[in-house]
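# Fold the stuff below for me.
(one chain, ligands or ions: 1)
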Amino acid sequence: MKPFPRAEISRCALQSNLAQLRLIAPKSKIMAVVKANGYGHGLLNVAESVGILNYVQSVGKYHGGADGFGLARLEEALQLREGGVKGKLLLLEGFFRQSDLATLVTHNIDTVVHHESQLHMLETIKLDKPVTVWIKIDTGMHRIGFTLDQFEKVYQRLLHCPQVAKPIHLMTHFACADEPDNQMTQDQMNAFLQLIDGLDGDRTLANSAGTLFWPTSQADWIRPGIALYGISPVVGDRGVNHRLIPAMELVSNLIAVRDHKAGDSVGYGAFWTAKQDTRLGVVAIGYGDGYPRNAPEGTPVWINGRRVPIVGRVSMDMLTVDLGADAQDNVGDSVQLWGKALAVEEVAEHIGTIAYELVTKLTPRVVVELLD
Ligand SMILES: *Cc1c(COP(=O)(O)O)cnc(C)c1O
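So this is what the prediction gives:
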């Protein structure tokens, strides 16, 4: 018997999604965003699947993988290098300590520069080789990045800093690209392109939502994260609408099936009570695995070809579902919490969160397995 719960990761789906993103943004290079352990899919699983030169079954030939990888932490980038991953790596939040700069040079890792403190660290160090930097320009997200007013001075300082490789690359990030009707994205785009007009260096604006919904934002590099995993960034939308395939199937097993009498409650707090006689199934997954405790009654799971609702509270190691009075399900049957049969976007809508959070929050107890 396979261990459970398991997150089965489909190499084919990852490769197919990458190929689909190439079709959607044919002129752009792809920086596959693999922060947070490849959005919970396993950093090296993803890097191996969409790294340089993969044999793609569906295409029947070798196909160029991602042109680079985007990460949030230096440790993630080092894990990729240790795993033998070549090609461009970019720290999307940059470095946090001056001593990290030598590591960036040694391992040929690009960094975002978004803050005065990073400028200062660059200007007061000697490095064996200059480091490749991407200036992060704040065009409206107002989280990290230099303002439009600060840009010219910052650019000049980087230009004159011997520790910085030339050309300097240019980046911004959208606040509302997942709202296809929100004018803000176009305003951010205009502000960015106007500011950097005529400068050397590569340009990058688009995350998944930008790539899918704002094609004019694709530029030299796109930075898709969630779309690579087959998930739509837009509430109410699904990855399949963009010919993306869910790369993760979260599965576990039924470990008990029991008859349950009308009027009886189930689980902690006894807050759900059966209206009629039914059969309950107990699934071996809970918040100790990263399945949210706040999943309300009615959140679907997929068993033997149908959706059945969660009833009662999700506990640490188990959750209970109402299989129905005539259920024929057995202990040992496989249960899909999300995946191809049940979109993680749909589950997220029930729980009142976004699919990003569901896939990244799985705990180490879930066995992550890379399959073809
Ligand atoms: C996480 C991240 C991305 C990827 O975002 P998705 O919505 O998952 O496509 C792109 N750019 C930056 C700067 C990020 O931090």
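# Can you report how many residues neighbour the closest residue to residue 88 other than its chain neighbours?
If the residues on either side of it in the chain are set aside, residue 88 comes closest to residue 68, at 3.1 Å by CB to CB, 6 or more residues apart in numbering. Placement of C-beta: from N, CA and C, glycine included. Neighbour count for residue 68, taken as other CB atoms under 10 Å: 19.
# Residue 68 is in contact with residue 91, isn't it?
No - the criterion here is CB atoms under 8 Å, and residue 68 misses it with residue 91 at 11.6 Å.
# contacting residues around residue 292?
By CB atoms under 8 Å, 6 or more residues apart in numbering, the contact list for residue 292 reads 314, 351, 353, 358, 361.
# The fourth one sits in which helix or strand?
What that stands for is residue 358. According to DSSP states H and E, residue 358 maps onto helix 355-360.
# list the contacts for residue 339?
Residues near residue 339 by CB under 8 Å, 6+ apart: 8, 246, 248, 249, 250, 251, 302.
# need the next SSE after the helix or strand in which residue 76 is found, C-terminal direction.
Element membership for residue 76, per DSSP H and E: helix 74-82. Note on helix 74-82: by DSSP H and E, the next helix or strand toward the C-terminus is strand 88-91.
# May I have that following strand as CSV, with CA atoms only?
The C-alpha coordinates for strand 88-91 follow below in CSV (Å, rounded to 0.1, in the frame of the first residue of the first chain):
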residue,chain,number,x,y,z
LYS,A,88,19.3,31.9,-14.2
LEU,A,89,18.1,32.1,-10.6
LEU,A,90,16.6,35.3,-9.2
LEU,A,91,15.9,36.3,-5.6
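# Now that strand: average pLDDT?
Averaged over strand 88-91, pLDDT sits at 96.
# what do you get for stretch 284-302?
Across stretch 284-302, the average pLDDT comes to 98.
# quick one: buried residues of that stretch?
Buried residues in stretch 284-302, defined by neighbour count with 16 or more other CB atoms under 10 Å: 284-292, 295, 299-302.
# List the beta-bridge partners for residue 300.
Following DSSP bridges, residue 300 is listed with bridge partners residue 309.
# Go ahead and confirm it touches residue 319.
No - Residue 300 is beyond contact range of residue 319, at 11.8 Å (criterion: CB under 8 Å).
# which residues do the two both contact?
Common contacts of residue 300 and residue 319, defined by CB under 8 Å, 6+ apart, comprise residue 310.
# OK, contacts around residue 278?
Counting by CB under 8 Å, 6+ apart, residue 278 makes contact with 259, 260, 262, 322, 323, 324, 325.
# ok, 10 Å please
Residues in contact with residue 278, defined by CB atoms under 10 Å, 6 or more residues apart in numbering, are 258-262, 264, 311, 322-327.
# ditto for residue 325
259, 260, 274, 276, 277, 278, 279 are the contacts of residue 325 under CB under 10 Å, 6+ apart.
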